[in-house]
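**Student:** Sequence first, then the predicted structure, then my questions.
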Amino acid sequence: MMKVKFNKFERVAGLFVLLAIGGVILTALSAAIKQGWFETKVHYFTTFENADGIHQGTLVQMSGLRAGAVDSVELESDNRIRVGFHVLGKFQDRIRENSTVQLIRPFIIGERVLEVAVGSEQFQPLPDQAHVKSVETVDLMTLMSGKSMNNYLSKLGGILESMQVIVDAFADKSRAESMVRVIDRLDPLMKNLNTMSTEVIKLSKQATKDDGVQKLVGNLAVTTTEINKILPELNNQNPELAKDLAVMTQNLATVTKALGPAVQHVEAELPGASVRLVEALNETVVVLKAMQKSFFMRSSVQEVREEESKRVPANSK
């Protein structure tokens, strides 16, 4: 076997090549370590209504630090976007039940990243393959996108059309004058409403003073209870009571109808008749007093008064 010999320059060149290869390998290993290629990865997923600007490989951040990347972006049957992502194992303890995910732009014109909020310590950490709640956000670039601008412009066009209808309506002088009259009447209306509200407040204070409403309701309840007790007894004692009341009401109505024309006929003479009736009563009293003072009735009157003074009143028994 032929032995290959290298001269001094070839040996130096080979050494540089080996050193270069070793440096590339070390650099790749260092980059892989920094990228977390050899660390444990924990996978999660979330859903968005609009995942504009997100794709496989999108950066996942936590408190501004690189924590992972997006693994998949899929459209579900309910038209929501399912986003699967992973974070490095050292960040797993920070993702808890109250953590949220949102799409943000670190800079105004930069790409969107998935920002995961750090959870509170009083909540439990989420396990692998768990769902993380999402928060929909809107940034300046999203607002200026073609899709959003078309929606906003269409809405603005509808608003302008409505404004045109209003302007055309007020172009009529009679309608404008009617609107001015309505505005002029608003001030008295507001004053009346203010007065009404003040009176209602006073009324409510009077009603609630010393629990007046509560006492009234309580008394009504007691009254209703007593009436419910009395009505069956009255019905048992006099089953024809309702019929008698109906007949009495009809008779009263008949009498009222009959007295109406008669009262109207003598209405002009009623004041004079009343005066004469009072005069007759006064004369009667005078005559009775005179008879009491007469010789024949004086003693009898005295005896009656003595008997009346000795009589026990009925209400004292």
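**Tutor:** Now that the structure is in, tell me what you want to look at. Everything quoted here is computed from the prediction, not taken from an experiment.
**Student:** Quick check: can you list the domain ranges of this protein?
**Tutor:** Using automatic domain parsing, the domain ranges for the chain come out as 40-137, 140-171, 177-258.
**Student:** The ones you listed into CSV, with extra columns for distance to residue 22, mean neighbour count and mean pLDDT?
**Tutor:** For the C-beta atoms, the positions are set from N, CA and C on the backbone; glycine is no exception. Listed next are the domains of the chain as CSV, based on distance: least, CB to CB, whole Å; neighbours: other CB atoms under 10 Å; pLDDT from 0 to 100:
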stretch, distance to residue 22, mean neighbour count, mean pLDDT
domain 40-137, 27, 16, 89
domain 140-171, 45, 11, 76
domain 177-258, 88, 10, 76
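**Student:** so can I have a markdown table of these showing distance to residue 18?
**Tutor:** Shown next, in a markdown table, are the domains of the chain (distance: least, CB to CB, whole Å):
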| stretch | distance to residue 18 |
| --- | --- |
| domain 40-137 | 33 |
| domain 140-171 | 49 |
| domain 177-258 | 93 |
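**Student:** Report all helices and strands that the lengthiest helix in the chain contacts.
**Tutor:** Counting residues, the longest helix found in the chain (DSSP state H) is helix 173-208. Helix 173-208 makes packing contacts with helix 146-170 when contacts are defined by 3 or more CB pairs under 8 Å, 6 or more residues apart in numbering; DSSP states H and E.
**Student:** Scan the chain for its longest strand.
**Tutor:** strand 65-75 (DSSP state E).
**Student:** Strand partners (parallel or antiparallel) of that one?
**Tutor:** Strand 65-75 has the following strand partners under DSSP bridges: strand 59-62 (antiparallel), strand 81-88 (antiparallel).
**Student:** Can you say which of these is nearest to residue 10?
**Tutor:** Nearest to residue 10, of all these, is strand 81-88, at 45.7 Å by CB to CB.
**Student:** centre of the chain versus the closest one, how much separation?
**Tutor:** Distance, stretch centre to chain centre, for strand 81-88: 38 Å (CA atoms, centre = their mean, to the nearest Å).
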